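> I'd like to go over a predicted model; first the sequence, then the structure.
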Amino acid sequence: MTLLPFLLAALPCLYWTQGVDTLPALKEAGIERVCVPPDRAEPWKAAGVAVTPLAPADLAGREALLVPGITARAGLASPTRVPWVNANGWRFRRAGANGKFSYEVPAGKAALAAAEASAYDADVVLQIDPADVPALGQMLAFIKQVPPADLPDVADMAVVDDDSPITAEVMNLLSRRNLLYRVVRTPSSQFPLNIKLGTKEFPVEEAADPSAFALKIRRLLTDDKRTLRVYGSEVVVCRVTGDAKHMRVHVLNYSGRDLFGLRFRLRGAFKQTEAYVSSTGRVQLDDQVVADDATEFSIPRLGTYAIVDLRP
């Protein structure tokens, strides 16, 4: 049995309303699967393309995601000049394995959207500008070259989700600060720190300033107990999965430009590493140091997406 159908199904699906005469352009980009309106599925199937019929009503029923990247906030003065990152990781975490999502992104954003969806193993349909077909194809090809790994999420704390918008914003800020958490419905004894709004320790009024609230959480957790720290960037968001034998760090760069020499600290001693960077392929990590039950390393040049595997 070939793994190809499974691998294709695990990738974000391109929603394509153009005719089968555009097949050569998709093939040239390496795109092997499309989602199309049901009344257009047969010609694509006859052409030998992996097709998922998707009715417009079903597409509309998916949760719409933000366009990922950096955005300016008009009229808002910020003394810290911290970039405002639109990232959807918290939405994927909140919805869990049953979440179904869609992107509608302008030119230049298809690759980042595909990377973000892949990093969180999300069920995503992509609507893109046709000019982005080559860039999307390159990102999907990169994702397929990385060895698959079915690993659980790593978390340092729990967030009790009450379905409120303010809890959503707290999760958003924690994700953007690379503070790893698990979404739960009731406090979990597995974690020493449970964030439940409306309690004495975490009053709702404090969460009205999500940035300050995230800083409070970081101080309560302490940097020494954080699984992951990222140095030198406010525009990189990570997901960490793993177990005692294998850790995987998904690194998403929302800046729209390459970043150089970005440094990471992962709790635990790891001597074997493999790193894959979009637009580059497999790379050697720089300045890897193992000390004090932690591993530090740098990615020499980070494009849109990188995956780092670490083993003891």
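Nice, I can see it.

> can we go C-alpha only for contacts and neighbour counts from here?
Will do.

> let me see the contact set for the residue lying closest to Val184 once chain neighbours are set aside.
Ranked by C-alpha to C-alpha, 6 or more residues apart in numbering and with sequence neighbours excluded, the top spatial neighbour of Val184 is Val160, at 4.9 Å. Each residue near Val160 by C-alpha atoms under 8 Å, 6 or more residues apart in numbering is listed here: Val183, Val184, Arg185, Thr186, Pro187, Asn194, Ile195, Lys196, Leu197.

> same thing with Val308?
Arg248, Val249, His250, Val251, Thr273, Glu274, Ala275, Tyr276 are the contacts of Val308 under C-alpha under 8 Å, 6+ apart.

> domain parsing for this protein?
If you go by automatic domain parsing, the domain ranges for the chain are 4-145, 157-225, 228-311.

> for these, give me JSON lines that also has distance to Leu151 and mean pLDDT.
Formatted as JSON lines, the domains of the chain follow (distance: least, C-alpha to C-alpha, whole Å; pLDDT from 0 to 100):
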{"stretch": "domain 4-145", "distance to Leu151": "11", "mean pLDDT": "90"}
{"stretch": "domain 157-225", "distance to Leu151": "14", "mean pLDDT": "95"}
{"stretch": "domain 228-311", "distance to Leu151": "5", "mean pLDDT": "96"}
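
> in three-state terms, label Phe92 for me.
helix (DSSP: H, G, I helix; E, B strand; the rest coil).

> that one and Thr295, how far apart?
Distance of Phe92 to Thr295, given as C-alpha to C-alpha, to the nearest Å: 28 Å.

> same question for Pro53.
Pro53 sits 46 Å away from Thr295, going by C-alpha to C-alpha.

> who has more neighbours out of the two?
Comparing Pro53 with Thr295 by other C-alpha atoms under 10 Å, the one with more neighbours is Thr295, at 19 against 16.

> on the three-state scheme, that one is what?
Under three-state DSSP, Thr295 comes out as strand.

> list the residues that contact it.
Neighbour list for Thr295: Arg265, Leu266, Arg267, Gly268, Ala269, Phe270, Gln288, Val289 [criterion: C-alpha under 8 Å, 6+ apart].

> quick check: ChimeraX command selecting the buried ones in those residues.
What follows is the ChimeraX syntax for the buried subset of the contacts of Thr295, where burial is set by 16 or more other C-alpha atoms under 10 Å:
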select :265,266,267,268,269,270,288
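
> most neighbours out of the contacts of Val160, which is it?
Asn194 leads these on contacts (other C-alpha under 10 Å) with 23 neighbours.

> what's the closest non-adjacent residue to that residue?
Counting by C-alpha to C-alpha, 6+ apart, Asn194 lies nearest to Ala158, which is 4.8 Å off, once chain neighbours are set aside.

> for that neighbour, which residues count as its bridge partners?
Following DSSP bridges, Ala158 is listed with bridge partners Arg182, Asn194.

> sorry, back to before: so of the contacts of Thr295, which ones are in helices?
Among the contacts of Thr295, no member falls in helices (DSSP state H).

> Serialize the contacts of Thr295 to a markdown table and add fields for distance to Arg311.
Below are the contacts of Thr295 laid out as a markdown table (distance: C-alpha to C-alpha, whole Å):
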| residue | distance to Arg311 |
| --- | --- |
| Arg265 | 14 |
| Leu266 | 12 |
| Arg267 | 12 |
| Gly268 | 10 |
| Ala269 | 8 |
| Phe270 | 5 |
| Gln288 | 13 |
| Val289 | 14 |
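
> what residues does stretch 185-203 touch?
Outside stretch 185-203, the residues within contact range by C-alpha under 8 Å, 6+ apart are Asp156, Met157, Ala158, Val159, Val160, Asp161, Asp162, Thr167, Val204, Ala207, Leu221.

> repeat that for stretch 135-143.
So stretch 135-143 is contacted by 11, 26, 29-31, 110-111, 114-115, 118, 278-279, 281 (C-alpha under 8 Å, 6+ apart).
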